[in-house]
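Trainee: Have a look; sequence and predicted model below, questions after that.
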Amino acid sequence: MSEIAYDDLLACAVEAAQAAGNYARDQKHRVDDVKVSFEHDIKLALDFECQQKAREVLLSAFPGHTVLGEEDPEIVDTDEMPEHQWVVDPIDGTVNFSHGMPFWCCSIAVRKKGETVAGAVYGPDVNELYTATVDRKSTCNGEPISVSETQTLDKAMIMTGVDQFVDPSLPPFAIFKSFASNAQKVRVMGSAALDICRVANGAADGYFEAGIYLWDVAAAQLIVEQAGGKAEILYDMPPPYRICFAASNGRIHDQLTSLVDISSLQEWKG
Ligand code: LIP
């Protein structure tokens, strides 16, 4: 079986992200079609429809590949490492999208035997398309991007988020407090993929979130790494693909992760 060029995989990721993202943008009048409502989160009909748009592009180009999507009906953990697996978040920042906030995107990555080799994050309302392959530098709208030069946490802007388990007594808020007192500023913008891409382009210096999912960060992790930054899963949480994740410009990484008391989070299962 011949190798598939990373550029061909990236081109497909971009095509699928734009198909899903432009569809969501053009169907915004249907944001009231809510399929599932949680206390602090929602699933729109458009989440499912956009995932299907992306799947159609991906599997039309690569019928033998597998797709892991946020909106899959059944998600089971597996130690399998498929030859090619696409990881799709059709609308990252769904609540922002539903309120008419522009900070949302479609995130698509492809993993080869478990290693992300190409990724695209497309934000239609912010007009930003971030791309990276494992052998090329990251770009935004075709222009190369790099992480910031910020050396210390007290001069850093840290992006973070809170998932639907938002009880302030829970450990993630203790971590939020420590970021707020140690960083120059903390921002909660509601889209992990775009947050991490802002670390990649130097607008922010770090990102942390407990209770985020693989599909939120898979493409952006490669984008920040290929922009000179560092990103890592600090540990896995239940259910499958839910993680504690940090990304940075590399220079402040240890200062950032030293504020995360993993033991407190391991007791908190969310
Ligand atoms: C969102 C993430 C965000 C997180 C939200 C939500 P979704 O992803 O991008 O960082 O704080 O709780 O998980 O669910 O909109 O794709």
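Mentor: Looks like it came in fine.
Trainee: So out of everything in the protein, what residue is nearest the ligand?
Mentor: Across the chain, no residue is closer to the ligand than residue 161, which sits at 2.6 Å (CB to the nearest ligand atom). Backbone N, C-alpha and C define where each C-beta goes, glycine included.
Trainee: Surely residue 118 is within a strand?
Mentor: Yes - counting by DSSP: H, G, I helix; E, B strand; the rest coil, residue 118 falls inside a strand.
Trainee: Tell me who's in contact with it.
Mentor: Residue 118 sits next to 6, 9-10, 13, 109-110, 131-134, 222 when contact means CB atoms under 8 Å, 6 or more residues apart in numbering.
Trainee: Of those residues, which belong to strands?
Mentor: By the criterion of DSSP state E, membership of those in strands covers 109-110, 131-133.
Trainee: Provide a list of residue ranges in the protein with pLDDT below threshold.
Mentor: Counting by pLDDT under 70, the chain has low-confidence residues at 1, 166, 269-270.
Trainee: counting contacts, what elements does the longest helix along it pack onto?
Mentor: Counting by DSSP state H, the longest helix found in the chain is helix 6-26. When contacts are defined as 3 or more CB pairs under 8 Å, 6 or more residues apart in numbering; DSSP states H and E, helix 6-26 packs onto helix 45-61, strand 85-92, strand 105-112, strand 115-123, strand 128-133.
Trainee: how about the residue of the chain closest to the ligand, what does it touch?
Mentor: 188-190, 192, 195, 209, 212.
Trainee: ok, back up a step: near the ligand, anything from the next helix or strand after the longest helix of the chain?
Mentor: Downstream of helix 6-26, the first helix or strand assigned by DSSP states H and E is strand 34-37. No - applying CB under 6 Å from any ligand atom, one finds strand 34-37 separated from the ligand by no less than 11.2 Å.
Trainee: Alpha carbons of strand 34-37, in PDB - could you do that?
Mentor: Taking C-alpha atoms only, strand 34-37 is exported to PDB below (Å, rounded to 0.1, in the frame of the first residue of the first chain):
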ATOM      1  CA  VAL A  34     -31.300  22.000  20.000                       C
ATOM      2  CA  LYS A  35     -31.000  18.200  20.000                       C
ATOM      3  CA  VAL A  36     -29.600  17.700  23.600                       C
ATOM      4  CA  SER A  37     -29.500  20.300  26.400                       C
END
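Trainee: sorry, back to before: now the contacts of residue 118 as a markdown table including neighbour count and distance to the ligand?
Mentor: Shown next, in a markdown table, are the contacts of residue 118 (neighbours: other CB atoms under 10 Å; distance: CB to the nearest ligand atom, whole Å):
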| residue | neighbour count | distance to the ligand |
| --- | --- | --- |
| 6 | 17 | 26 |
| 9 | 25 | 22 |
| 10 | 21 | 22 |
| 13 | 31 | 17 |
| 109 | 30 | 14 |
| 110 | 30 | 18 |
| 131 | 26 | 19 |
| 132 | 31 | 18 |
| 133 | 22 | 23 |
| 134 | 16 | 23 |
| 222 | 29 | 17 |
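Trainee: can I get the residues you listed in CSV with distance to residue 62?
Mentor: Below are these laid out as CSV (distance: CB to CB, whole Å):
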residue, distance to residue 62
6, 13
9, 8
10, 13
13, 11
109, 14
110, 9
131, 18
132, 19
133, 16
134, 17
222, 18
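Trainee: Within range of the ligand, give me the residues from the protein.
Mentor: With CB under 6 Å from any ligand atom as the criterion, the chain meets the ligand at residues 70, 89, 92-94, 161-163, 190-192, 209, 212, 216.
Trainee: Great, nothing more from me.
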